[in-house]
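Novice: Curious how this folds, go ahead:
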Amino acid sequence: LKVNCSEFPNSLILYCLCANNNPAGDFMQTNSKTMKSRSANLISSLYDKQKTRFSIDDVVDITGLDRQSARSFTSKLVIRGLVTHIGPGLYAIVPFDLGISSRFQENPYIVARELVRDNLYFLSHASAMDLHQMVTQPQLVIYVTSPHFMRSQTISGAEYHFVRCKKEAFFGFTEHWVSKTDKVIISDLERTILDGLAHPQYCGGISEVAKGLWIQHNEINWDRLLEYATRLDKKVVFNRLGYLLDLYGLATEEFRLVLKGRLSSSFPLLDPLMPKEGPYKSSWKLQINIPPEELDRIRFT
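Specialist: Coordinates of the predicted model:
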């Protein structure tokens, strides 16, 4: 299809979609996409700023529209499939080669970064385990830790769960590239392990945490792990960590003795997602409500 661009002085032809079942040469006018000068200016300006994700404030700044008009204008871009809605007041430019916005799904970890806006955060628990390659199952919930309160929400079928932490507990994170152009902040390996032990319910249960621990045990900085555990000061973490290290024969006896000096005085459940049943392990002050054989098999799967 040849197009004389001089015939479209106020438009930018992006692409058109043709159904495979249509007769050859049949042009699907209803699926063609054009951007008038304001739309083209917005998109090009966003690209110049290297912002493929943007907010209504960006639309106001670039177009000069008031906020109500900017919202209406952006909604029309969504309808036309040029941008897609990724969160409250947040949008993403649909890559030109994907055709229509309904086919475009933004990386959920990037969406999480955009949702927190200027707040402190790091991706944590099951999400951090995924990015550290500690899990083998797809993750349907995105976990974000922050000292700021943020409401959990569901966007495009993905649930974003925000875990609030104390300001003094906001440590142990690093940057991680999730695409060629985008990076996010995630808990580092040692913090990820400790968060999983503190909240197995945010990781799919203690079996998933144990699997991740075993998968990455050669990469663990044991001094850092102990330092972080001491700073977090969650007694149940020492109980669960010590039990798993004993089970898998990891860490030194000296390391395990330090853990034993900081155990919870009660007998918490090994896995809070499982029924309160099973024998008590006095050496680590835990109620073992998952068969040790099940956890031990993780090393061979």
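Novice: Please count neighbours and contacts with C-alpha atoms only from this point.
Specialist: Fine.
Novice: Next one: residue 207 from residue 256, what distance?
Specialist: For residue 207, the distance to residue 256 (CA to CA, to the nearest Å) stands at 20 Å.
Novice: Please read the previous query as pertaining to residue 294.
Specialist: Distance, residue 294 to residue 256, using CA to CA: 22 Å.
Novice: These two: who's more crowded?
Specialist: residue 256 (17 against 10; other CA atoms under 10 Å).
Novice: Would you agree residue 120 is in contact with residue 146?
Specialist: Yes: using CA atoms under 8 Å, residue 120 is in contact with residue 146, at 5.8 Å.
Novice: ok, the two, which is more surrounded?
Specialist: Neighbours were counted for residue 120 and for residue 146 using other CA under 10 Å; residue 146 has more, 21 against 14.
Novice: so who does that one touch?
Specialist: 119-122, 162-165, 170 (CA atoms under 8 Å, 6 or more residues apart in numbering).
Novice: and the closest residue to residue 141 other than its chain neighbours, how many neighbours does it have?
Specialist: Leaving aside its sequence neighbours, residue 141 sits nearest to residue 159 (CA to CA, 6 or more residues apart in numbering; 4.9 Å). Counted by other CA under 10 Å, the residues lying close to residue 159 total 17.
Novice: what lines up beside the one helix or strand residue 159 maps to in the sheet?
Specialist: Taking DSSP states H and E as the criterion, residue 159 maps to strand 158-164. The sheet places strand 158-164 alongside strand 141-146 (parallel), strand 153-155 (antiparallel), with pairing taken from DSSP bridges.
Novice: buried residues in it?
Specialist: The neighbour-count check on strand 158-164 (16 or more other CA atoms under 10 Å) flags 159-164 as buried.
Novice: same thing with stretch 125-137?
Specialist: For stretch 125-137, the neighbour count (16+ other CA under 10 Å) marks 125-132, 134-135 as buried.
Novice: Render the CA-only coordinates of the strand holding residue 159 in PDB, please.
Specialist: Taking Å, rounded to 0.1, in the frame of the first residue of the first chain, the C-alpha atoms of strand 158-164 are listed here in PDB:
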ATOM      1  CA  ALA A 158      -2.700  -8.400  37.700                       C
ATOM      2  CA  GLU A 159      -3.100  -7.800  41.500                       C
ATOM      3  CA  TYR A 160      -0.700  -5.300  43.000                       C
ATOM      4  CA  HIS A 161      -0.300  -5.900  46.800                       C
ATOM      5  CA  PHE A 162       1.500  -3.200  48.800                       C
ATOM      6  CA  VAL A 163       3.200  -4.300  52.000                       C
ATOM      7  CA  ARG A 164       3.900  -1.500  54.400                       C
END
